[in-house]
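> the following block contains a protein sequence and its predicted model.
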Amino acid sequence: MRPRHLRRRGTLAAAATTLAVLCAGQTLAAPQAAAAPAPAATREARTSTASEVHATEDTTARAIAAALTDPAWRARVRQAALTSDEVAVTALADGALRTALATADRRIAAAKGLAPDVGPLLRLRLGDPSMRGALTAGTEPWVAAATSDDGPVTAYDSKGRAHTLDARKAPARPVYVVDIDGSRALAAGLDVLHEELARRGVRSADPGPESKQARTSAAAAGFWTTRITAVSLTDDQEPWIKGDAEIYTLVTGFGHDGKVRVDPVDMPYLDNDGTVYRPQQVLVNWSSYKYDLADAVMMEEDGSTNYRDLAKAIAAVLLTVTDQGAYVPLVNAVLDAIPDDWWTDDPDYVDSWYTLARADNGTRYGARGNGWMTLEPYFVQEL
């Protein structure tokens with residue numbers, strides 16, 4: 001019998017080799033630098049992104065499952081999964097497996113149109129809290145990739161066998177879910193969205209909590225904003241294998257130059273449907289807009305969004321909208337910019353709010369009926 005440390009090294013190396021071999025046949029879609037693609041080309045790019053992300057997650061799940069034959073690795077992952085909601089699995093691994101997981105991280109970042117230095121994106125979590133007891137008791141866990149639809153879930157055991165699970169009913173057996181760090185991906189993605197929109201002629205404020213324009217205005221005399229005092233989304237009964245939602249909102253209107261602008265707003269606190277959040281978050285900075293009206297389209301990052309493709313699609317439509325001397329709602333233009341095949345799951349369209357007014361003070365329900373926000377005018381005082 002081989003010594004334990006040699007068996008462990010062989011197990012993790014074999015899992016890493018499996019991941020490397022399975023990923024080797026995948027081809028990354030290079031970011032498009034040309035003008036906005038035709039609908040067919042956009043659909044192909046979208047399909048390529050989704051396939052690349054999902055395939056990489058799936059091969060990662062198989063590799064991690066294979067590595068669970070090593071007792072030390074199995075114990076390390078179990079301890080991490082029981083003590084944390086999400087585990088940075090690349091950092092948890094070592095040797096050849098860690099190298100292979102790092103390669104998978106970079107592959108996912110490239111498929112999503114993110115910079116290679118975005119950092120580790122792969123995460124591992126326990127599929128459902130109900131599985132904690134069985135995992136603690138020593139039941140062998142399976143490993144599955146987070147799916148982007150409501151179809152069957154494929155989980156792998158340590159021998160490489162595939163098992164089909166019901167997406168709507170959590171199994172009794174513990175299942176580790178390989179997913180993407182949505183918060184990290186969304187934050188980096190909104191940076192890309194801002195840069196790409198600006199490069200294509202659609203002005204956009206920085207997606208951080210305070211834009212440069214806002215700081216300049218505040219230094220001068222202060223400015224009016226619309227602030228969210230409460231927000232909630234309807235329970236949509238998503239499958240157990242999906243994690244928390246990663247919500248962002250595209251605020252649109254006409255800038256002072258009469259051209260359409262898009263300001264992405266990250267809403268990292270909006271994790272769960274059916275919960276009322278009270279963020280006191282600024283949604284609209286009115287100093288950026290020509291009119292006292294703006295629109296908002298709320299979206300969910302669900303793993304397979306390529307932010308460069310999203311920016312190209314939006315810019316291609318919004319650049320055709322011109323200022324007619326009166327406010328024109330832009331929600332429909334944004335929704336029309338999203339290709340038909342994006343309406344399956346990624347990125348999810350959550351809801352939209354037409355003609356938000358600077359004077360709005362109260363609860364506004366979304367046009368889709370999937371959410372509501374309580375808004376109030378808020379003046380950012382000069383420092």
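Received the coordinates, thanks.
> how many neighbours does Arg168 have?
Arg168 has 12 neighbours, counted by other Cβ atoms under 10 Å. Just so you know, the C-beta spots here come from the backbone N, C-alpha and C atoms, and that holds for glycine as well.
> how about it, nearest residue that isn't a chain neighbour?
What sits nearest to Arg168 in space, not counting adjacent residues and going by Cβ to Cβ, 6 or more residues apart in numbering, is Pro239, at 6.0 Å.
> which residues touch Val192?
Contacts of Val192 were listed using Cβ atoms under 8 Å, 6 or more residues apart in numbering, and they are Gly113, Leu114, Ala115, Tyr307, Arg308, Ala311.
> and of those, the nearest to Met298?
When the contacts of Val192 are ranked by distance to Met298 (Cβ to Cβ), Tyr307 comes first, at 16.3 Å.
> for the closest one, what are its contacts?
By Cβ under 8 Å, 6+ apart, Tyr307 lies in contact with Lys112, Gly113, Leu114, Gly189, Leu190, Val192, Leu193, Glu196.
> count the residues that sit near the residue nearest to Arg168.
Neighbours of Pro239 under the rule other Cβ under 10 Å: 18.
> specify the local secondary structure of it.
State at Pro239, reduced to three classes by DSSP: H, G, I helix; E, B strand; the rest coil: coil.
> separation between it and Val153?
For Pro239, the distance to Val153 equals 7 Å [Cβ to Cβ, to the nearest Å].
> so what sits against both of those two?
Thr147, Ala167.
> show the contacting residues for His163.
Taking Cβ under 8 Å, 6+ apart, we find His163 in contact with Trp142, Thr154, Ala155, Tyr156, Asp157.
> skipping adjacent residues, who's closest to the fourth one in space?
Okay, so that is Tyr156. Closest to Tyr156 by Cβ to Cβ, 6+ apart is Ala65, at 4.1 Å.
> quick one, phi/psi of that neighbour?
phi -60, psi -40 (degrees, to the nearest 10).
> ok, it - contacts?
Counted by Cβ under 8 Å, 6+ apart, Ala65 has contacts Trp142, Val143, Tyr156, Asp157, Ser158, Gly160.
> run the last query once more with 6 Å
Residues near Ala65 by Cβ atoms under 6 Å, 6 or more residues apart in numbering: Val143, Tyr156, Ser158.
> tell me, how many neighbours does the second one end up with?
Just to be clear, that refers to Tyr156. Tyr156: 23 surrounding residues under other Cβ under 10 Å.
> show me what contacts it?
Listed by Cβ under 6 Å, 6+ apart, the contact set of Tyr156 reads Ala61, Arg62, Ala65, Val143, Ala162.
> can you rerun that using 7 Å?
Contact partners of Tyr156, counting by Cβ atoms under 7 Å, 6 or more residues apart in numbering, are Ala61, Arg62, Ala65, Trp142, Val143, Ala162.
> confidence score at it?
Per-residue pLDDT puts Tyr156 at 97.
> one more: the first one?
Looking at Val143, its pLDDT is 97.
> also Ala221?
78.
> which one is it nearest to, not counting chain neighbours?
Leaving aside its chain neighbours, Ala221 sits nearest to Glu382 (5.6 Å; criterion: Cβ to Cβ, 6+ apart).
> relative to Pro116, how far out is the spatially most central residue of the chain?
With distances taken as Cα atoms, centre = their mean, the chain has Glu301 as the residue nearest its mean C-alpha position (3.0 Å). For Glu301, the distance to Pro116 equals 19 Å [Cβ to Cβ].
> with Thr56 instead?
In this view, Thr56 and Pro116 are 15 Å apart by Cβ to Cβ.
> just checking, Arg184 is part of a helix?
Yes - assessed by three-state DSSP, Arg184 belongs to a helix.
> what does stretch 228-235 rub up against?
Looking at stretch 228-235 with Cβ under 7 Å, 6+ apart, the contacting residues turn out to be 270, 273-281, 283, 350, 370-376.
> 6 Å - rerun?
When contacts are defined by Cβ under 6 Å, 6+ apart, stretch 228-235 is touched by residues 273-274, 276-279, 281, 283, 370-371, 373-374, 376.
> helices of the stretch 151-300 of the chain, start to end?
Counting by DSSP state H, counting those that start in this stretch, the stretch 151-300 of the chain has helices at residues 182-199, 212-220.
> can you flag the weakest of these by average pLDDT?
Ranked by mean pLDDT, those bottom out at helix 212-220, with a mean of 48.
> if we can go back for a sec, and the pLDDT at the residue nearest to the centre of the chain?
If you check Glu301, the pLDDT there is 79.
> same question for Thr322.
86.
> what are the phi and psi values for it?
Dihedral angles (degrees, to the nearest 10) for Thr322: phi -120, psi 150.
> any idea how far it is from Val380?
Distance of Thr322 to Val380, computed by Cβ to Cβ: 30 Å.
> these two: which is more packed in?
Neighbour count, other Cβ under 10 Å: between Thr322 and Val380, Val380 has more, with 19 against 11.
> you'd agree the more buried one is up against Ala221?
No - counting by Cβ atoms under 6 Å, Val380 stays clear of Ala221, with 10.0 Å between them.
> need the overlap of contacts for those two.
In terms of Cβ under 6 Å, 6+ apart, Val380 and Ala221 are not both contacted by any residue.
> hmm, back to that, for the residue nearest to Ala221, give its distance to Phe223.
Remark: distance between Glu382 and Phe223 (Cβ to Cβ) = 9 Å.
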